[in-house]
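J.: how would this look folded up:
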Amino acid sequence: MEQISVKKTRVGDVELALSGPVEGQHKWIGQVQTLRELLACWLVLDEADLPLSPRLVGPPGIGKTTLAMAAARTREQPLYIYQCTSDTRPEDLLVTPVLAESGKIAYHASPLVSAMLEGGVCILDEGNRMNEKSWASLAPLLDHRRYVESVIAGITIKAHGDFRCAVTMNDDESTYEVPDYVLSRLQPTLDIGFPSRQDEMAILRYHLPFAESDLLAITVDFLQRAHELDLTFSPRDGINIVRYALKRLAQEEDHPLSADAAWAESLQRVLGAEAMDLDRLAAERQQSLGKPLPTMDFQDFFFEEDDPLHPGKDDDNPLI
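T.: Numbers count the residues shown, from 1 in each chain. Sure, this is the predicted structure:
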């Protein structure tokens, strides 16, 4: 078995084993202004100036982490990602003691601390899933002090001058409420919205270069309609829909499913049966806004409005 070399460094009298950076080449497509805003947050204009630690807010699957990864790559800095969870402890964020083969205690630096020491970029992913006690341990890092204190290792760790940080946050309800004293340190807020039709098609083509154009077009039509209804179906959902549909089509050489049937099945498996009832979704949107919206039947994803084969073309009294 190949031995993985672990980089180590000393802070005071304590030797720390560092986490390795993340290798990722995902491209950020569209919304160039948001990327520029994130890069602006990380500029330092004077010796008395400090970089900002922004929070990237948006629905799940919209590409918040990909955006931060692209920004780190633009700056040509090593990238570290820490996945925040509801049971993240302060020691998980900083330094964790482990029992070495020698029987002695060894100390492992988290991705965050490794980025601090190496002068890299750290993404705290899904930060509003983390509890207040863990956030409190980062308070001195996120203001002018730029250090953390590890009670476990008994050391104070100062951030390298090139260290940069961003926090991604989902705008759903399955998260903690982040305290105001933390939010005041995570500024500014960069809102990431759903992509345009052109950008969404480019995203799907980038991730699914082997998929047929018709399948991608149907998926983009569905996603754009969902965005109009303020539903949280994301490009990630679209990628998964196409991937599963393609796998179903490829199961047998004679393709027992048509492309339309495979896509419909995939939509239901990925997003649930309710995603197929567009009349209901449009009605919910109408009720919330107090104004009518044009409804869309499932068949509308497969037929243009003026297509003579459209099942509802000659229906004088379509169902609503």
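J.: The host helix or strand of Leu190 pairs with which strands?
T.: Per DSSP states H and E, Leu190 falls inside strand 189-191. Strand 189-191 has the following sheet partners, assigned by DSSP bridges: strand 55-58 (parallel).
J.: Can you list the neighbours in contact with stretch 36-55?
T.: Outside of stretch 36-55, the residues within contact range by C-beta atoms under 8 Å, 6 or more residues apart in numbering are 56, 67-68, 71, 74-75, 121, 127, 142, 144, 146, 163-169, 183, 185-190. (C-beta placed from N, C-alpha, C; glycine too.)
J.: Same check on stretch 98-108?
T.: 14-17, 19, 95-97, 152-153.
J.: could I get those residues as JSON lines with pLDDT and neighbour count?
T.: Below are the contacts of stretch 98-108 laid out as JSON lines (pLDDT from 0 to 100; neighbours: other C-beta atoms under 10 Å):
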{"residue": "Val14", "pLDDT": "93", "neighbour count": "17"}
{"residue": "Glu15", "pLDDT": "93", "neighbour count": "12"}
{"residue": "Leu16", "pLDDT": "95", "neighbour count": "24"}
{"residue": "Ala17", "pLDDT": "94", "neighbour count": "17"}
{"residue": "Ser19", "pLDDT": "95", "neighbour count": "21"}
{"residue": "Val95", "pLDDT": "96", "neighbour count": "25"}
{"residue": "Thr96", "pLDDT": "94", "neighbour count": "18"}
{"residue": "Pro97", "pLDDT": "92", "neighbour count": "13"}
{"residue": "Ile152", "pLDDT": "92", "neighbour count": "15"}
{"residue": "Ala153", "pLDDT": "93", "neighbour count": "24"}
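J.: So which of the contacts of stretch 36-55 belong to helices?
T.: Among the contacts of stretch 36-55, DSSP state H puts 67-68, 71, 74, 183 in helices.
J.: can you pick the most crowded of those?
T.: Tallying neighbours with other C-beta atoms under 10 Å puts Ala68 at the head of the ones in helices among the contacts of stretch 36-55, with 28 neighbours.
J.: residues touching that residue, list them.
T.: So Ala68 contacts 38, 56, 121, 123, 166, 168 (C-beta under 8 Å, 6+ apart).
J.: Who wins on neighbours among these?
T.: That'd be Ile123 among those, by other C-beta under 10 Å, with 29 neighbours.
J.: and that residue, helix, strand or coil?
T.: Under the three-state scheme (DSSP: H, G, I helix; E, B strand; the rest coil), Ile123 adopts strand.
J.: Am I right that it is in contact with Ile81?
T.: Yes. Using C-beta atoms under 8 Å, Ile123 is in contact with Ile81, at 4.8 Å.
J.: Tell me the residues that contact both of these two, please.
T.: In contact with both Ile123 and Ile81: Thr65, using C-beta under 8 Å, 6+ apart.
J.: my read is Arg10 is in a strand, agree?
T.: Yes. Judged by three-state DSSP, Arg10 forms part of a strand.
J.: just the strands in the stretch 51-200 of the chain please.
T.: 55-58, 79-83, 95-99, 105-109, 121-125, 147-150, 155-158, 164-170, 189-191 (DSSP state E, counting those that start in this stretch).
J.: Report the angle between the fifth one and strand 79-83.
T.: Relative orientation of strand 121-125 versus strand 79-83 (axes from the mean of the first three to the mean of the last three C-alpha atoms, to 10 degrees): 20 degrees.
J.: Can you give the strand pairings for strand 121-125, parallel or anti for each?
T.: strand 79-83 (parallel), strand 164-170 (parallel).
J.: List the buried residues of the strand holding Leu190.
T.: Leu190 (16 or more other C-beta atoms under 10 Å).
J.: Please apply the same query to stretch 48-65.
T.: Result for stretch 48-65 [16+ other C-beta under 10 Å]: buried residues 51-59, 61-65.
J.: before we move on, what about stretch 185-196?
T.: For stretch 185-196, by 16+ other C-beta under 10 Å, it's 185-186, 190, 192, 194-195.
J.: Let's have those in TSV, adding pLDDT and distance to Pro179.
T.: Shown next, in TSV, are these (pLDDT from 0 to 100; distance: C-beta to C-beta, whole Å):
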residue	pLDDT	distance to Pro179
Arg185	97	10
Leu186	96	11
Leu190	96	20
Ile192	94	23
Phe194	93	29
Pro195	94	32
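J.: what's the closest non-adjacent residue to Gly30?
T.: Asp199 (3.1 Å; C-beta to C-beta, 6 or more residues apart in numbering).
J.: What about that neighbour, how many residues nearby?
T.: Asp199, neighbours per other C-beta under 10 Å, totals 16.
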